[in-house]
Structures are given as C-alpha cells and as structure tokens.
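Trainee: 3D model of this:
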Amino acid sequence: MTFMAGRRGWRHGDQQAGWPWYGDQLADRRARFADVALAVVATVFGIVGTRGAAEQADPSRRGLDVLAYALVVTAAAGLAARRRWPLVTLGIVGATAVAYLARGYPYGPILLFLVFATFSAALRLPVRRSLPASCALMVGAFAAHLYYLDQDRWFTDGLALTAVSSAWLLVPWAVGTVLQGRREAVMRIREEARRQTAYEQRLQIARDVHDVVGHGLAVINMQAGIALHVLEKRPEQAAVALDAIKRTSKEALEELRATLAVYRSGDPAPRRPAAGLGQLEALVAATAESGLTVDLDVTGDPVELPAAIDLAAYRIVQESLTNVLRHAGPAMATVRIRYEPGALVLDIADDGRGHGTTPPGHGIAGMRERAAALGGTLDAGPRVGGGFAVHASFPVAE
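Mentor: Numbering: from 1, shown residues only. Below is the predicted model:
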C-alpha cells in the first residue's frame with residue numbers, strides 16, 4: 001500500500017506488515033491502561049483500608065477527616081504515572097505520605113503506596129537519580145514521625161523510627177535496583193544475540209551471493225571465450241554460445257533474486273524453487289554447456305534432507321564446479337553423491353591442471369564454514385596424479 005492511499009491506509013498497511021512502531025504504540029496503550037486501573041484499585045483499597053486501620057489504631061493517633069482521605073486518594077492517583085514519570089509519582093506519593101504522617105493520622109495503605117512508588121522509581125530510573133530521591137523521602141518520613149511525637153519521646157523512639165524508615169524505603173529501592181540491573185543484563189544479552197544473528201544472516205547472504213554470482217560469471221566467461229574463438233569460422237556455434245550466455249545470466253539473476261528474497265520480510269514468494277540437490281541435474285547440465293564434462297553419480301537411498309543441509313550440499317557442488325571452470329583448464333569433473341546411514345557424503349573431483357595449489361579466493365574457506373556450521377566436515381586439496389578433489393560429509397538423522 002503506497003503513501004498516496006492516504007494516512008489511514010498507510011497506517012493500515014504498516015499494521016499488516018507488523019511495523020515496530022505499531023507494536024510499541026499498542027504496548028504503550030496497554031501499560032497506560034494498566035497504570036490507570038492500578039490507581040483506581042489503589043484508591044478503593046486506600047479508602048477502605050485506611051478506615052479499617054483507623055478502627056484498630058493507637059488512640060494517640062489523630063482521627064480521620066476529609067484531609068486524610070484526600071491525601072490517601074492523591075497518593076493512589078499518583079501511581080497512574082509510575083511508568084512514564086516515576087520520579088513524579090515518587091514525589092506525589094512521598095509528599096502526601098509525609099503530610100499524612102506529620103498530621104498524625106493512623107498508619108494505613110498510604111505507606112504501601114510509598115513502598116510501591118519507591119520500588120517503581122528504582123526499577124525505572126538510574127541509581128544516581130533514584131537513590132537521592134529515596135534518601136530524601138526517608139529523611140522526610142523520619143522528620144514527619146518526629147514532628148507528631150512529643151519531644152520527650154524523640155530520643156527513645158528515634159532509633160526505632162530510623163530503622164523502620166530505612167527498612168520501609170531502602171529495601172524496596174534495593175530490590176528495584178537489583179531487578180533493573182538484571183533486566184538491563186537480559187536486554188544486553190538479547191541485543192548481542194540479535195547482532196550475532198544479523199551478522200550470521202549477512203554472512204550467509206554473502207556466501208550465497210558469492211556462489212550464485214561466481215558460478216554464473218564462470219559459465220558466462222567460458223561461453224564468451226568459446227563465442228570469440230569460433231565467431232569468424234563457425235558463427236552458428238558462436239550463436240549457440242551467446243544463447244547459453246543469455247540463458248545463464250537470466251538464471252543467475254533469478255536465483256540471486258530468490259536468494260535475497262528469503263532475507264527480506266514482506267517480499268513475495270520467490271518464483272524459483274529453493275536451491276538444493278533436487279536441482280543438481282540442471283546445474284550439471286548448465287556446467288556441461290560451458291564445455292566441462294561432468295559425470296554425476298548418486299548412490300544410496302535418497303532421504304528428505306533438512307533445508308539447511310540440502311542448500312549447503314548444493315552450494316558446495318556449485319562452488320566446486322565453478323573452481324574447476326576457473327582453474328582446472330581442460331578437464332573432466334565427477335560428482336558423487338552418497339546417501340549413507342546417518343550421513344550425506346559429497347565427492348567432487350577433476351583431472352585438470354589444478355594439482356599442487358589450492359584455488360585462490362575464499363571459496364574453499366566458505367565451503368568449509370558451511371559444512372562446519374551444520375556439524376559436517378570438508379576436505380579439499382590436490383589429487384595424487386593431478387587434479388583437485390573436494391570431500392564433504394554431513395550428519396543426517398535417519
């Protein structure tokens with residue numbers, strides 16, 4: 001859906017595509033609703049709980065009045081902003097709680113609101129901001145206690161009040177800080193895993209593009225050489241070679257599009273089937289048209305392979321034949337595929353002039369990495385008597 005469809009249609013298309021902004025917006029709305037619901041529940045609980053606490057309170061405490069209930073409701077309402085503005089919530093709840101204690105009202109749910117606000121601030125704010133605020137709140141609560149007490153009780157009750165205030169506020173702050181550190185550690189681990197996955201995906205794309213483009217260009221180069229060689233003496237054969245170049249380039253482009261489409265969300269399904277050993281005969285036929293004689297032999301009972309192993313086996317054969325075209329000169333290649341109990345074995349060999357050296361570039365290293373990533377092995381090197389050989393093996397569950 002394009003932008004010309006209008007703002008409403010654009011957003012609808014984004015929602016259907018699963019754009020991140022839409023998921024974040026929906027999660028934000030749910031969080032706001034949850035906070036408002038919490039504030040409503042806290043208000044009801046605060047009013048009922050404060051009334052119950054007053055019935056069993058110390059007679060020395062002040063009786064409830066309109067101001068007491070107003071402070072409780074204000075503290076409960078302040079919890080609605082605990083996610084977006086945790087420091088504001090802590091300030092509102094702290095100020096109302098200090099005023100409540102200074103007035104000498106009975107202890108009640110407002111102290112639980114204070115604990116929850118402290119915990120929320122520690123969970124969502126850095127230590128350099130949450131710790132000073134919590135300490136200031138602890139000092140304020142301590143001062144409010146002393147303000148209501150008689151001066152002759154300050155010394156006797158001061159130590160107890162300090163211990164209670166510290167435990168009542170610093171413990172939830174410590175718990176929130178620990179949980180915040182754990183959450184940040186989990187997020188760092190997930191972000192690292194995401195980066196690693198993205199890196200591996202890019203590496204896989206690079207390998208596939210290397211194999212597709214490398215093989216296609218090798219075939220095109222060989223056919224172009226044939227066309228130039230026979231252009232004047234046998235123009236009809238040059239036309240056949242040019243037609244092979246056209247067909248090879250078209251197939252390479254389609255396979256490249258299909259390869260890249262796998263890694264692009266929202267792209268339509270590729271028109272070509274996924275590369276695998278099922279396309280091996282077509283690969284051998286295309287290679288043979290370039291002048292390289294290829295003998296294909298498949299033994300054993302074929303089994304349905306995992307997609308990753310099927311693709312890796314195909315790419316190894318493709319890269320091996322590409323190396324033969326590039327480096328072996330006039331040669332004949334053999335491709336042996338063996339389905340053994342619990343294993344898939346590949347043997348690609350040629351009798352060209354590639355003895356004594358390993359083909360330059362990253363092809364061999366890439367094939368070895370493909371095999372190792374799937375628990376397999378790959379060996380490549382010169383053959384005794386001339387030529388080059390590649391041997392790969394993949395574990396396959398029976």
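
Trainee: name the residues of the strand or helix carrying residue 364 that are buried.
Mentor: Assessed by DSSP states H and E, residue 364 sits inside helix 363-373. Residues of helix 363-373 classed as buried by neighbour count (16 or more other CB atoms under 10 Å): 363-364, 366-368, 370-371. In this view, the C-beta of every residue, glycine as well, is placed from N, C-alpha and C.

Trainee: for that helix, give the mean pLDDT please.
Mentor: Across helix 363-373, the average pLDDT comes to 82.

Trainee: and it, what other elements does it pack with?
Mentor: In terms of contacts (3 or more CB pairs under 8 Å, 6 or more residues apart in numbering; DSSP states H and E), helix 363-373 is packed against helix 154-230, helix 307-323, strand 377-382, strand 388-395.

Trainee: could you chop the chain up by domain?
Mentor: 3-148, 275-398 (automatic domain parsing).

Trainee: if you average pLDDT over each of the ones you listed, which is lowest?
Mentor: The minimum mean pLDDT among the domains of the chain belongs to domain 3-148 (a mean of 75).

Trainee: quick one: which of the buried residues of helix 363-373 is nearest residue 140?
Mentor: residue 370 (65.2 Å; CB to CB).

Trainee: adding distance to residue 388, write the buried residues of helix 363-373 out as JSON lines.
Mentor: Shown next, in JSON lines, are the buried residues of helix 363-373 (distance: CB to CB, whole Å):
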{"residue": "363", "distance to residue 388": "12"}
{"residue": "364", "distance to residue 388": "10"}
{"residue": "366", "distance to residue 388": "16"}
{"residue": "367", "distance to residue 388": "13"}
{"residue": "368", "distance to residue 388": "15"}
{"residue": "370", "distance to residue 388": "18"}
{"residue": "371", "distance to residue 388": "17"}
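
Trainee: for these, work out which two are farthest apart.
Mentor: Farthest pair in those (CB to CB) is 363 and 371. Separation: 13.0 Å.

Trainee: what does stretch 295-314 contact?
Mentor: For stretch 295-314, the external contacting residues (CB atoms under 8 Å, 6 or more residues apart in numbering) are 274-281, 283-284, 332-340, 344, 346, 370-371, 373-374, 376, 392, 394, 396, 398.

Trainee: related to what we said a few turns ago, could you give the angle of the helix holding residue 364 to strand 377-382?
Mentor: 160 degrees (axes from the mean of the first three to the mean of the last three CA atoms, to 10 degrees).

Trainee: assign residue 303 to helix, strand or coil.
Mentor: Counting by DSSP: H, G, I helix; E, B strand; the rest coil, the backbone at residue 303 sits in coil.

Trainee: phi, psi for it please.
Mentor: For residue 303, the backbone dihedrals (degrees, to the nearest 10) come out as phi -120, psi 160.

Trainee: where's residue 145 relative to residue 175, distance?
Mentor: 23 Å (CB to CB, to the nearest Å).

Trainee: and those two? which has more neighbours close in?
Mentor: Set residue 145 next to residue 175 and count neighbours by other CB atoms under 10 Å: residue 145 wins out with 21 against 15.

Trainee: doesn't residue 384 fall inside a helix?
Mentor: No. Per three-state DSSP, residue 384 lies outside any helix segment and is coil.

Trainee: among the helices and strands packed on helix 363-373, which comes closest to residue 104?
Mentor: Nearest of the helices and strands packed on helix 363-373 to residue 104, taken as CB to CB: helix 154-230 at 13.7 Å.

Trainee: quick one: average pLDDT of the closest one?
Mentor: Regarding helix 154-230, the rounded mean pLDDT is 73.

Trainee: what sits up against stretch 98-113?
Mentor: The contact list for stretch 98-113, computed with CB under 8 Å, 6+ apart, reads 42, 45-46, 49-50, 52-54, 57-58, 61-62, 64, 67-68, 71-72, 75-76, 78-79, 93, 96-97, 137, 140-141, 143-145, 147-148, 168.

Trainee: ends of it, what's the gap?
Mentor: End-to-end distance for stretch 98-113, by CA to CA, to the nearest Å: 12 Å.
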